[in-house]
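Student: missing the sequence, but the structure's below:
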């Protein structure tokens, strides 16, 4: 693939309709014990590795009563650009 206008990172759960949704990751909401992505990057048109800029990030949580995301941005060093996501699941609706 030579070009893209979107890149995605994240998680997903799935269950049968009318049943409780499973936990995502550790089952904790983002608070330093949830799932995470770190050192996120992509290559720009000049083939330089870059992390996303804050205006290029669009968090999406479709069941906020059960899951969440926390964007920490570019922390440099060991983590680079990083975010946490996850949650306990439960009765999230269809």
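Tutor: Received, thanks. On a predicted model such as this, the values are computed, not experimentally measured, just so you know.
Student: where along this protein do the strands fall?
Tutor: Taking DSSP state E, the strands of the chain run over residues 35-37, 42-43, 49-50, 68-74, 81-86.
Student: Most tightly packed of those strands?
Tutor: Counting by mean count of other C-beta atoms under 10 Å, strand 81-86 has the highest mean neighbour count of the strands of the chain, with a mean of 22. All C-beta atoms are positioned from the backbone trio N, CA, C, and that covers glycine.
Student: Can you list the strands that it pairs with?
Tutor: Paired neighbours of strand 81-86 in the sheet (DSSP bridges): strand 35-37 (antiparallel), strand 68-74 (antiparallel).
Student: Redo the ones you listed as TSV? Include distance to residue 20 and mean pLDDT.
Tutor: Output for those, formatted as TSV (distance: least, C-beta to C-beta, whole Å; pLDDT from 0 to 100):
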stretch	distance to residue 20	mean pLDDT
strand 35-37	19	87
strand 68-74	17	87
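Student: Now render the ones you listed as JSON lines, adding distance to residue 7.
Tutor: Converted to JSON lines, the strands paired with strand 81-86 look like this (distance: least, C-beta to C-beta, whole Å):
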{"stretch": "strand 35-37", "distance to residue 7": "11"}
{"stretch": "strand 68-74", "distance to residue 7": "15"}
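Student: Give me the buried stretch members for stretch 7-22, please.
Tutor: By neighbour count with 16 or more other C-beta atoms under 10 Å, stretch 7-22 contains the buried residues 13, 21.
Student: Check stretch 21-33 too.
Tutor: 21, 23, 24, 25, 28, 29, 30.
Student: how about those residues in TSV, adding distance to residue 78?
Tutor: Listed next are these as TSV, based on distance: C-beta to C-beta, whole Å:
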residue	distance to residue 78
21	32
23	27
24	24
25	20
28	21
29	23
30	18
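Student: Of the residues you listed, just say which sits nearest to residue 62.
Tutor: Closest approach to residue 62 among these (C-beta to C-beta): residue 21, at 10.9 Å.
Student: circling back: a markdown table for the strands of the chain, including distance to residue 60?
Tutor: Shown next, in a markdown table, are the strands of the chain (distance: least, C-beta to C-beta, whole Å):
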| stretch | distance to residue 60 |
| --- | --- |
| strand 35-37 | 14 |
| strand 42-43 | 18 |
| strand 49-50 | 22 |
| strand 68-74 | 8 |
| strand 81-86 | 10 |
